[in-house]
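**Student:** following is a predicted model, sequence given first.
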Amino acid sequence: MMQKTVRELRQDAAELLRQICNSEEAVWPKQGSLTADIFFREASAQGLAPLLFRKLTAQKGGGWPAELLARLREASLRLAAAELLLEADLRSLLASLAGIGVRPLLLKGTALAYSLYPEPWLRPRCDTDLLIPEADRDKTDSLLLRLGCAALHEAAADGINAQMSWSRRRQGLDCRYDIHWRISNASGRFSRAFADEHLFARAAAVPALGEHARTLSKTDALLFACFHRAGHFSHSGDRLVWLHDLHLLCQSLTEEDAAACCSQAEELEISTLCADGLKTAAFWFGTVFPAGLAPLFKAKERNGEAFAVLLQEGRQAGIASHALLELKGLPTWRGRLRFMWQNIFPPAEYMLWRYGAKRKSALPLLYAKRTAEVLLVIMNISKNILRRVRITNQP
């Protein structure tokens with residue numbers, strides 16, 4: 001059942017959320033162990049608290065607990081108030097970046113909040129993701145430091161980490177930014193196939209955020225959202241707000257957009273990921289698919305699609321699948337050996353950040369731990385390869 005793809009979500013809360021999200025006649029259960037406090041925490045963890053408040057206040061009846069409605073209202077008011085400051089800070093940052101010739105693309109939550117949601121505060125998020133050309137990294141870092149931003153706990157490591165997190169305090173609120181120099185921090189192979197330069201060429205304006213705001217085209221945004229969901233699936237499962245993003249993106253497509261999605265998905269070898277993500281979104285939110293997406297669902301399972309392995313469950317299996325995909329995606333053995341070396345022996349700064357250590361004296365133990373983790377990944381990769389060989393050789 002598709003609700004099981006959402007990790008750590010109680011079954012009674014899941015069914016009630018699904019009914020509300022599908023605009024079905026939902027009634028608060030008079031029996032059972034589900035309380036207003038539990039349901040509020042479950043909805044908040046899934047990023048749905050403000051959407052839930054909007055839906056429940058528009059619904060007549062249902063017997064919803066006053067405590068639940070009050071907490072949803074308070075959470076929504078806090079998000080709406082914070083959004084005013086976050087928007088002002090983002091507009092200021094985009095203008096400053098434009099002043100030095102950097103025109104980033106807004107990614108994920110913030111981009112969708114201002115282009116698809118009725119109100120931006122209805123899409124909770126902890127930061128704003130910005131994609132920049134890799135050539136603009138140094139001047140972007142310099143600007144952020146001049147603007148009073150502080151680098152957070154991440155450390156860049158070529159081949160492993162392709163983003164940096166920054167934050168600045170504004171009127172008691174932390175305005176956080178993730179600066180990416182490739183579209184997917186999880187996969188260099190996908191980023192190369194998706195071709196960042198083409199994403200910038202096809203960029204769409206975000207009028208709600210001013211003249212300097214741009215984001216992915218609708219088709220690129222949908223493909224990226226499907227891949228982002230799959231990239232997290234093995235170790236954290238689905239999050240309902242991500243599925244709601246897919247729902248809104250799908251509903252916004254024209255027939256031409258839908259046909260382009262099918263074509264691009266096949267080229268990128270992510271048709272299976274897209275079909276699975278959209279079907280799961282439809283289960284939760286009643287998504288109506290444009291006719292142009294039909295080839296995505298009617299085609300037989302693409303056994304040869306490289307990225308389909310990302311849909312398996314289990315953290316270790318997911319890490320192994322990611323590593324194997326990256327290795328296969330590199331064109332030369334030299335590149336593969338470099339990738340392996342970087343993952344076993346990352347820079348010291350990255351090791352201290354990754355394992356939460358402060359003293360360099362801890363590095364020998366950290367590298368020993370890292371080596372053991374990599375050996376476990378190699379064992380899992382070997383098991384995956386042997387299993388595929390057996391399947392291939394079966395009569």
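**Tutor:** Now that the structure is in, tell me what you want to look at.
**Student:** what are the boundaries of the strands in the chain?
**Tutor:** Under the criterion DSSP state E, the chain carries strands at the ranges 105-107, 128-131, 150-151, 163-170, 173-180, 204-205, 214-215.
**Student:** so how far is the third one off the chain centroid?
**Tutor:** Computed by Cα atoms, centre = their mean, to the nearest Å, the chain-centroid distance of strand 150-151 equals 22 Å.
**Student:** can you give the contact residues for that strand?
**Tutor:** Judged by Cβ atoms under 8 Å, 6 or more residues apart in numbering, the contacts made with strand 150-151 from elsewhere in the structure are Leu144, Met164, Ser165, Trp166, Ser167, Arg168. Glycine gets a C-beta too; all of them are placed from N, C-alpha and C.
**Student:** quick one: mean pLDDT for it?
**Tutor:** For strand 150-151, mean pLDDT rounds to 86.
**Student:** in PyMOL, select just the buried ones from the contacts of strand 150-151.
**Tutor:** The buried subset of the contacts of strand 150-151, as determined by 16 or more other Cβ atoms under 10 Å, is captured in PyMOL by this line:
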select buried, resi 144+164+165+166+167+168
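**Student:** which among the contacts of strand 150-151 gets closest to Ala306?
**Tutor:** Ala306 has its nearest neighbour among the contacts of strand 150-151 in Met164, at 28.0 Å by Cβ to Cβ.
**Student:** where does Ser184 fall, phi/psi-wise?
**Tutor:** In terms of degrees, to the nearest 10, the main-chain angles of Ser184 are phi -120, psi 120.
**Student:** same deal with Ala186?
**Tutor:** Given degrees, to the nearest 10, the pair of backbone angles that Ala186 has is phi -80, psi -20.
**Student:** excluding covalently adjacent residues, which one is nearest to it?
**Tutor:** Gly231 (4.1 Å; Cβ to Cβ, 6 or more residues apart in numbering).
**Student:** surely that neighbour touches Ser191?
**Tutor:** No. Contact criterion Cβ atoms under 8 Å: Gly231 and Ser191 do not qualify, at 11.2 Å.
**Student:** okay, and the common contacts of those two?
**Tutor:** Shared contacts of Gly231 and Ser191, defined by Cβ under 8 Å, 6+ apart, are found at Ser184.
**Student:** what about the residue nearest the centre of the chain, distance to His180?
**Tutor:** Computing the C-alpha centroid of the chain and ranking residues by Cα atoms, centre = their mean puts His228 first, at 4.4 Å. Here His228 is placed at a distance of 12 Å from His180 (Cβ to Cβ, to the nearest Å).
**Student:** and the helix ranked longest in the chain, what does it pack onto?
**Tutor:** Longest helix of the chain, by residue count under DSSP state H: helix 66-99. With contacts defined as 3 or more Cβ pairs under 8 Å, 6 or more residues apart in numbering; DSSP states H and E, the packing partners of helix 66-99 are helix 36-45, helix 49-58, helix 137-146, strand 163-170, strand 173-180.
**Student:** export those to TSV and tack on mean pLDDT and distance to Ala70?
**Tutor:** Converted to TSV, the helices and strands packed on helix 66-99 look like this (pLDDT from 0 to 100; distance: least, Cβ to Cβ, whole Å):
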stretch	mean pLDDT	distance to Ala70
helix 36-45	94	9
helix 49-58	91	10
helix 137-146	94	39
strand 163-170	89	28
strand 173-180	92	23
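**Student:** tell me which of these sits nearest to Leu366.
**Tutor:** For the helices and strands packed on helix 66-99, the distance to Leu366 is smallest for strand 163-170, at 20.7 Å, taking Cβ to Cβ.
**Student:** only C-alpha atoms, please: export the closest one in PDB.
**Tutor:** Only the C-alpha atoms of strand 163-170 are listed here, as PDB (Å, rounded to 0.1, in the frame of the first residue of the first chain):
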ATOM      1  CA  GLN A 163      26.500  22.600  -2.000                       C
ATOM      2  CA  MET A 164      27.200  25.000   0.800                       C
ATOM      3  CA  SER A 165      24.800  26.300   3.400                       C
ATOM      4  CA  TRP A 166      24.800  29.900   4.600                       C
ATOM      5  CA  SER A 167      22.700  31.800   7.100                       C
ATOM      6  CA  ARG A 168      22.200  35.400   8.300                       C
ATOM      7  CA  ARG A 169      20.100  36.700  11.200                       C
ATOM      8  CA  ARG A 170      17.300  39.100  10.400                       C
END
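**Student:** all set, thanks.
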